[in-house]
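> Provided below for reference: sequence and predicted model.
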Amino acid sequence: MQLETERLILRRLEDHDAERLFLLDSNPEVVKYVGTPPVTDIKESENIIKMIQQQYKDTGVGRLAVIEKESNLLIGWSGLKFITKEINGYNNIYELGYRFIPEFWGKGYAVESAKASLDFGFNDLDKEIIYACAHCENDGSIHVLKKLGFEKTEEFEEPDGLCFWYELKREKYSSN
């Protein structure tokens, strides 16, 4: 599966993406609000790729590598994940997520890549609702979710603090 936007290509993660994924997930600023410490060994990134590749096989979806067309570099990941483990009382749901290398923050890539994933979820997967969550202090992620039209419906506690729960219904989504 591959999605394309004006500036980005979203494709399945591949084994050779480990170095760029390590650059992403070893940065403390990137993982500040995700409840996991920065990775310290590229083997961890290789294992994350294998786990996501298994999700592709098991559920048909998973986070996608985001490639900037201009540089041809992996600049982060974005996409839908089928959540089977309970989170905030929900399971067997589609959740939107994204993560980018800091030098690519503030360029609109999160919104651009998320729209491609939401279009896929609502149109190709025919989903009625897509969920997302963000740590209450993660202003950047909260801004992206609001810009996409997500509505905060709940708050819940995670081990790393208070999180906001968002949902976006198909009838309220506009890809414009």
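Sure thing, it's come through. Since we're looking at a predicted model, the values are computed, not measured.
> wouldn't Gln53 be in contact with Arg12 here?
Yes - with contact defined as CB atoms under 8 Å, Gln53 counts as touching Arg12 (7.3 Å). For glycine as for every other residue, the C-beta is placed from the backbone atoms N, C-alpha and C.
> Identify the contacts common to these two.
Shared contacts of Gln53 and Arg12, defined by CB atoms under 8 Å, 6 or more residues apart in numbering, comprise Gly62.
> which intervals of the chain have sub-threshold pLDDT?
Within the chain, the set of residues satisfying pLDDT under 70 comprises 176.
> could you measure Thr59 against Gly79, distance?
Separation of Thr59 from Gly79 (CB to CB, to the nearest Å): 12 Å.
> got a list of contacts for stretch 107-116?
Against stretch 107-116 from outside (CB under 8 Å, 6+ apart): 3-8, 10, 64, 66, 68, 75-76, 78-79, 96, 98, 100, 140-141, 144, 147-148, 175.
> what about the nearest residue to Ile87 once chain neighbours are set aside, neighbour count?
Of all residues not flanking Ile87 in the chain, Cys133 sits nearest, at 7.0 Å (CB to CB, 6 or more residues apart in numbering). Counted with other CB atoms under 10 Å, residues neighbouring Cys133 total 25.
> can you give me how far stretch 30-43 is from the chain middle?
Centre-to-centre, stretch 30-43 and its host chain are 15 Å apart (CA atoms, centre = their mean, to the nearest Å).
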